[in-house]
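S.K.: Please find the sequence and the predicted model below.
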Amino acid sequence: ASRFGVVQQGPPIEVFALNKAFLDDTFENKVNLGVGAYRTEEGKPWVLPVVRQVERDMAANETLNHEYLPVLGLDSFSAAATKMLLGSNVAIDEGRAFGIQTLSGTGALRVGAEFLARQLGYKTFYFSQPTWENHRLLFLNAGFNDPREYRYWDQNKRGLDFDGMIADLKNAPENSVIILHACAHNPTGSDPTQEQWKEIANVMKEKKLFPFLDCAYQGFASGDLEKDAWASRFFVEQGFELFVAQSFAKNFGLYNERVGNLTVVMSSKEAIAPVKSQLTLLVRGMYSNPPNHGGRIVSTVLNDPKLFEEWKTCIKTMADRILLMRDSLRNKLLELKTPGTWDHITQQIGMFSYTGLTTKQVEHLVNVYHIYLLKSGRINMCGLTTKNVEYVAKAIHDAVTK
Ligand code: PLP
């Protein structure tokens, strides 16, 4: 008998299982609204032209090599990433903010969470109900043991349950880590307004809660990097010490290169050296050092004004296509007179729409129409194209009216 016989089968990870089911499906008009990645009008992955250009230059550059990066990654990358997030910010001016290169957004969350659990002994974390499905597992694996939810989504309103959120934060014990989506909330596509962010910050300050912002979609919410950084910058201006996990998967289309940055803001610069030394040991014992390719691409683009401008037009292209698809889907549903209100499709922002479809309706779309989406009713707007949006709208109509 195998010593591994004791190992129990774990549950599948929904989004990966869904993608596999989509790939295995031989139906010609199948539609993938599941996976969280950008698709072109042709339904294809997109390598940003500016990324291709930098990759060509890198391949031709004989001075580049495959030596190890430092444990905390490329300084030119993490400094530029931190600046992109915080802007011209008092914390940077005062030298009490820094970044470290991580294995994409997930890696930034994991390193940050593990640091908080080990060094500060934090055990309680709060995530929005609903949230990205990995927050809970990731924090538990990092050493937290008290997972809690704060209310976020009001199904009737199809919008933010702000009162619920505030009430839950008010009840959180001191030093709880609060995971906040910096912009373009996944999966609901509903962000707090600036006024609401101010209230959230007030409660968190009063209750001494620790903000851990998850910024996976900078540029995707509004098409503008500065606007999408508003909440993160506001928290720093309010004097919080905080972590922000930045992902360059979506806004650079560098999903499999695992490029991320953990931005650390502290109230005093004296703490930087010890904190960096502990982060170094943590990363050293976990994966030793990050990969070079993606970090170098992002660093090259962020540090070159011309390439930076080109990249911003790429972000705009992606954001605009998503907006077009939101309009298109809503209009088709209105034309079909599909029961229910569909304004939330255009009100929500970012890559996803939280449709409000029930589990049964979702099953109908998958089983009858070969349209793949998460059980929660979340759809990736980029899975829609001018060619398939009518098919999807009619299928939704059928699922809702049957
Ligand atoms: N956080 C949120 C809210 C996300 O949606 C994602 C990706 O889907 C991530 C973090 C991390 O992604 P990655 O590790 O690919 O950067």
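M.R.: Now that the structure is in, tell me what you want to look at.

S.K.: which parts of the stretch 201-350 of the chain sit against the ligand?
M.R.: Within the stretch 201-350 of the chain, the positions near the ligand by Cβ under 6 Å from any ligand atom are 214, 216, 247, 249, 255, 260. For glycine as for every other residue, the C-beta is placed from the backbone atoms N, C-alpha and C.

S.K.: again, only using 5 Å
M.R.: By the criterion of Cβ under 5 Å from any ligand atom, the positions of the stretch 201-350 of the chain lying close to the ligand are 214, 216, 247, 249.

S.K.: Export these to a markdown table and append columns for pLDDT and secondary structure.
M.R.: Converted to a markdown table, these look like this (pLDDT from 0 to 100; DSSP: H, G, I helix; E, B strand; the rest coil):
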| residue | pLDDT | secondary structure |
| --- | --- | --- |
| 214 | 98 | strand |
| 216 | 98 | coil |
| 247 | 98 | strand |
| 249 | 98 | coil |
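
S.K.: hmm, who's touching the lowest-mean-pLDDT helix or strand in the chain?
M.R.: Across the helices and strands of the chain, mean confidence by mean pLDDT, DSSP states H and E is lowest for helix 90-93: a mean of 89. Helix 90-93 has contacts (Cβ atoms under 8 Å, 6 or more residues apart in numbering) with 82-83, 86, 97, 236-237, 265.

S.K.: Give me the contacts around the helix or strand just after it.
M.R.: Stepping forward along the backbone from helix 90-93, the first helix or strand reached (DSSP states H and E) is strand 97-103. Strand 97-103 has contacts (Cβ under 8 Å, 6+ apart) with 69, 72-74, 77-79, 81-82, 86, 89, 91, 108, 110-111, 236, 245-246, 258-266, 272, 276, 279, 283, 287, 290-291, 295.

S.K.: Pull out the buried residues from those.
M.R.: By the neighbour-count criterion of 16 or more other Cβ atoms under 10 Å, the contacts of strand 97-103 include these buried positions: 69, 72-74, 77-79, 81-82, 86, 89, 91, 108, 110-111, 236, 245-246, 258-266, 279, 283, 290, 295.

S.K.: I'd like to know which elements the lengthiest helix in the chain is packed against.
M.R.: Using DSSP state H to assign secondary structure, the helix with the most residues in the chain is helix 305-335. Counting contacts by 3 or more Cβ pairs under 8 Å, 6 or more residues apart in numbering; DSSP states H and E, helix 305-335 is packed against helix 49-60, helix 293-302, helix 343-347, helix 389-401.

S.K.: That concludes my questions; thank you for your assistance.
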